[in-house]
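Asker: okay, predicted coordinates and the sequence, questions at the end:
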Amino acid sequence: MKSHMLLLRTVLEESGTRCCTSTSRDWKTITTRTENEGLSFLTIALPKFCDDLQKGLSRGSVDSSLFVGYAKKGYLPRFLLGFTSRVFNSSTGLLVNEPCYDAIHSLRQICLLFGKVNLPCSDTRTNAAFAQYVDCEKQVRLADQRIEPFLLKRFSSMALRVLGDVMSSVDREIYEGEIVPKHGPGATADRLTGNGKYNLNTWTRRLDEVFPSEEFLFPSWNPLVDSPLEVLLEPEAEIPVKVITVPKTLKTPRIIAIEPACMMYAQQGIMRSLVQAIERDDILSKLIGFDDQNPNREMAYIGSRDGSLATLDLREASDRVSNQLVRRLSYHFPWFSKGLDASRSRKADVPGYGVIRLAKFASMGSALCFPIEAMVFLTIVLMGIERGSNSQITRERLKSFIGKVRIFGDDIIVPEEYVQHVVEELETFGLLVNFDKSFWTGKFRESCGKEYFNGEDVSIVRVREMLPSQRGHVREIISAVSLRNQFYFSGYWETAAMLDKLLGGIIPFPMVLPESPALGRHSFLGYDDTQKECSNLQKPLVRAYVERSTKPLSYLDGRGALLKYFLNSSDLPVTDRNHLERAGRPKTVNIKLGWVSAT
């Protein structure tokens, strides 16, 4: 903890210098509470302090319900008072006329520094997350029962008007056998890895009715005759998804589900067709995002500046999209609907609860989770806007929402004047709006990892891994180098210098340009004086470590190798010459010392 406390103290003191305030008493509070509460004060209590700050920014004032557990001076906590008093009036609790942007940024940087560090949760919190996953299933079923038939009809009608062309395109491709499946690099519930997935010989009866195994698993008829499909699983014998946790925050882990290889294989094919159809659409490509987060961030900036746009965040977004709703979404397109249903896992193996039947469409981990939930959210959002405006939304009218409505995962942006109707509509369909992270009053907005207050960027740098103490801490070193460079470009130069000293004692840490592959310091001043020059390319070289990772050995020949060749959807040849010998995600990441380009 010594280096982490030193990092926090440096951030605290540098923030105090920025805001011309003393932080000695604040540091005393931090050390005392960390001694008593341990790491949870840094990872849970301080982020909660920031949540209260953001609520105050949204409301335009603070009251006794915020900053509970801290001694107060008026309405403000004495802890970090030098910062909060530059934002709120301690006597009235109201936002001051000209809040200090540096103070807001500093408060967020101090409080959220360790909010998302990659550490496992306690067993108690992990078990609680699994219990919540199971309880969420019950709530989805109850929500399905409460939805009135006329609402489902409205939902289906809106989906047809807005997303009809896209779903029709995918429907046709499934009917005509044009879906190109794909294996991903991740884990599967049946433990197939790397190139072994291309020798897949297990299929399900449900998949076979829409995606015949002889067309999806075999490159030609000869291998099918020589080595026919070994297993065709009936619905009751299908492999359930494997529910696991991955680090998110120390307060609660993230729940994901590992799909069986055959399901993921088909899901990836539908997902590719669906995403391409949306990206080809001139209107929908502006309303739904998959890769580019910048439009959401730009709209959050606009909303913070003039209040015209609201940013909404959903709690347990993926797990609350019911399969019943997805069926209504695709109701008018039978082959698209059959494809979604056939590639959807119906059961989940939850630790401590055994195998349960799923009411949700899919958990995070399914290839179709992200695009389908975006389509569902867009449909419901537009239903809310239609009700709020008392005017039917047509395909032509959709153009007017470009730059005003956008969905990226569970980050939703809508016009402020319709936000109440949108929130009501979302909750009617069983979704939960996270009011702690949703903003439509005041001047604070956040979306896709960027935060703004009154048009000023108050986004912060977060510690993702524990700091390294030796060269063997490879993952931590790579993360700390990134952390150092983020602090440098955010103007925390003293903090960057502190990390320079820490990293410089572990690895050679030269100054390089951001384009360099070296693990080095980035700077506005360029790179270190040339230590050496490449004799062939006349490029400056520095001695530094470089990240290296090797894919696991995974040999593939015969039927599987031919299938992998035919599944390459690109017109370009495969650039990896060893792709039939090594495949899958690297199990370990290493760093290697050598002469590396500084530019």
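Answerer: Perfect, thanks for sending it. Numbers count the residues shown, from 1 in each chain.
Asker: what ranges does the stretch 251-400 of the chain have for its strands?
Answerer: Applying DSSP state E, counting those that start in this stretch to the stretch 251-400 of the chain gives strands spanning 254-258, 309-315, 347-350, 354-357.
Asker: for residue 480, which of those is the nearest?
Answerer: Of all the strands of the stretch 251-400 of the chain, strand 254-258 sits nearest to residue 480, with 22.8 Å by C-beta to C-beta. Bear in mind the C-beta positions are built from the backbone N, C-alpha and C, glycine included.
Asker: in this protein, which helix or strand is least confident?
Answerer: helix 221-226 (a mean of 63; mean pLDDT, DSSP states H and E).
Asker: strand partners (parallel or antiparallel) of whichever helix or strand comes after it?
Answerer: Going down the chain from helix 221-226, the next helix or strand is strand 231-233, by DSSP states H and E. Looking at strand 231-233 with DSSP bridges, its partner strands are strand 202-204 (parallel).
Asker: nearest residue to the middle of the chain?
Answerer: residue 409 (7.7 Å; C-alpha atoms, centre = their mean).
Asker: excluding chain neighbours, what is closest to it?
Answerer: residue 370 (6.3 Å; C-beta to C-beta, 6 or more residues apart in numbering).
Asker: and the pLDDT at the residue nearest to the centre of the chain?
Answerer: pLDDT for residue 409: 89.
Asker: could you say which helix or strand holds residue 137?
Answerer: helix 123-146.
Asker: tell me the secondary structure of residue 413, please.
Answerer: Three-state assignment for residue 413 (DSSP: H, G, I helix; E, B strand; the rest coil): strand.
Asker: please report how far it lies from residue 299.
Answerer: 5 Å (C-beta to C-beta, to the nearest Å).
Asker: biggest helix in this structure, by residue count?
Answerer: helix 149-175 (DSSP state H).
Asker: can you give the distance from that helix to the centre of its chain?
Answerer: 26 Å (C-alpha atoms, centre = their mean, to the nearest Å).
Asker: surely residue 312 meets residue 415?
Answerer: No: using C-beta atoms under 8 Å, residue 312 is not in contact with residue 415, being 11.5 Å away.
Asker: and stretch 326-334, what's buried?
Answerer: Neighbour counts using 16 or more other C-beta atoms under 10 Å place 326, 328-333 of stretch 326-334 among the buried residues.
Asker: coming back round to it: you'd agree the residue nearest to the centre of the chain is up against residue 369?
Answerer: No: using C-beta under 8 Å as the test, residue 409 is too far from residue 369 to be in contact (9.5 Å).
Asker: got the domain boundaries for the protein?
Answerer: 2-115, 123-190+239-453, 465-507, 508-597 (automatic domain parsing).
Asker: what about the longest one, how long is it end to end?
Answerer: The first and last residues of domain 123-190+239-453 sit 38 Å apart, counting by C-alpha to C-alpha, to the nearest Å.
Asker: got the contact list for residue 323?
Answerer: Contact analysis of residue 323 by C-beta atoms under 8 Å, 6 or more residues apart in numbering lists 344, 358-361.
Asker: could you do residue 439 as well?
Answerer: The contact partners of residue 439, by C-beta under 8 Å, 6+ apart, come to 54, 58, 303, 310-311, 445-446.
Asker: can you tell me the SS state at residue 192?
Answerer: coil.
Asker: for the closest residue in space to it that isn't next to it in sequence, what are its contacts?
Answerer: In this structure, residue 192 finds its nearest non-sequential neighbour in residue 261, 4.5 Å apart by C-beta to C-beta, 6+ apart. Contact analysis of residue 261 by C-beta under 8 Å, 6+ apart lists 183, 188-190, 192, 197, 200, 202.
Asker: so, low pLDDT: which residues of the chain?
Answerer: Applying pLDDT under 70 to the chain flags residues 223-230, 529-530, 569-575.
Asker: surely residue 509 is in contact with residue 501?
Answerer: No: counting by C-beta under 8 Å, residue 509 sits too far from residue 501 to count as a contact (9.4 Å).
Asker: what comes up buried for the helix or strand harbouring residue 55?
Answerer: Following DSSP H and E, one finds residue 55 within helix 46-59. Of the residues in helix 46-59, 46-50, 52-59 count as buried by neighbour count, 16+ other C-beta under 10 Å.
Asker: same question, stretch 475-483
Answerer: For stretch 475-483, the neighbour count (16+ other C-beta under 10 Å) marks 475-481, 483 as buried.
Asker: and if you look at stretch 287-304?
Answerer: 287-290, 293, 295-304.
Asker: next SSE downstream of the helix holding residue 55?
Answerer: In N-to-C order, the element after helix 46-59 by DSSP H and E is strand 72-73.
Asker: next secondary structure element downstream of that next one?
Answerer: strand 76-77.
Asker: neighbouring strands for that next one, and are they parallel or not?
Answerer: strand 72-73 (antiparallel).
Asker: quick one on the thing from earlier: could you export the strands of the stretch 251-400 of the chain as TSV, including mean neighbour count and distance to residue 10?
Answerer: What follows is the strands of the stretch 251-400 of the chain, written out as TSV (neighbours: other C-beta atoms under 10 Å; distance: least, C-beta to C-beta, whole Å):
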stretch	mean neighbour count	distance to residue 10
strand 254-258	21	30
strand 309-315	22	31
strand 347-350	20	43
strand 354-357	12	48
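Asker: out of those, the one nearest residue 419 is which?
Answerer: Closest approach to residue 419 among the strands of the stretch 251-400 of the chain (C-beta to C-beta): strand 309-315, 4.3 Å.
Asker: only alpha carbons, please: show that closest one as CSV.
Answerer: Taking C-alpha atoms only, strand 309-315 is exported to CSV below (Å, rounded to 0.1, in the frame of the first residue of the first chain):
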residue,chain,number,x,y,z
LEU,A,309,-29.4,16.8,-24.0
ALA,A,310,-29.7,14.3,-21.1
THR,A,311,-27.3,11.4,-20.5
LEU,A,312,-28.9,8.2,-19.1
ASP,A,313,-27.3,5.1,-17.7
LEU,A,314,-29.1,1.8,-17.1
ARG,A,315,-28.4,-0.6,-14.2
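Asker: among the buried residues of stretch 287-304, give me the pair with the biggest separation.
Answerer: Across the buried residues of stretch 287-304 (C-beta to C-beta), the longest gap, 24.3 Å, separates 290 and 304.
Asker: rewinding a little: out of the contacts of residue 323, who's nearest residue 79?
Answerer: residue 360 (40.9 Å).
Asker: beta partners for that closest one?
Answerer: Going by DSSP bridges, residue 360 forms beta bridges with residue 322.
Asker: my read: it touches residue 316, true?
Answerer: No: at 9.5 Å, residue 360 does not count as touching residue 316 under the criterion of C-beta under 8 Å.
Asker: settle it for me: which of the two has more neighbours?
Answerer: residue 360 (26 against 20; other C-beta atoms under 10 Å).
Asker: mind checking how far that one is from residue 144?
Answerer: 10 Å.
Asker: how about residue 551?
Answerer: Using C-beta to C-beta, residue 551 is found at 43 Å from residue 144.
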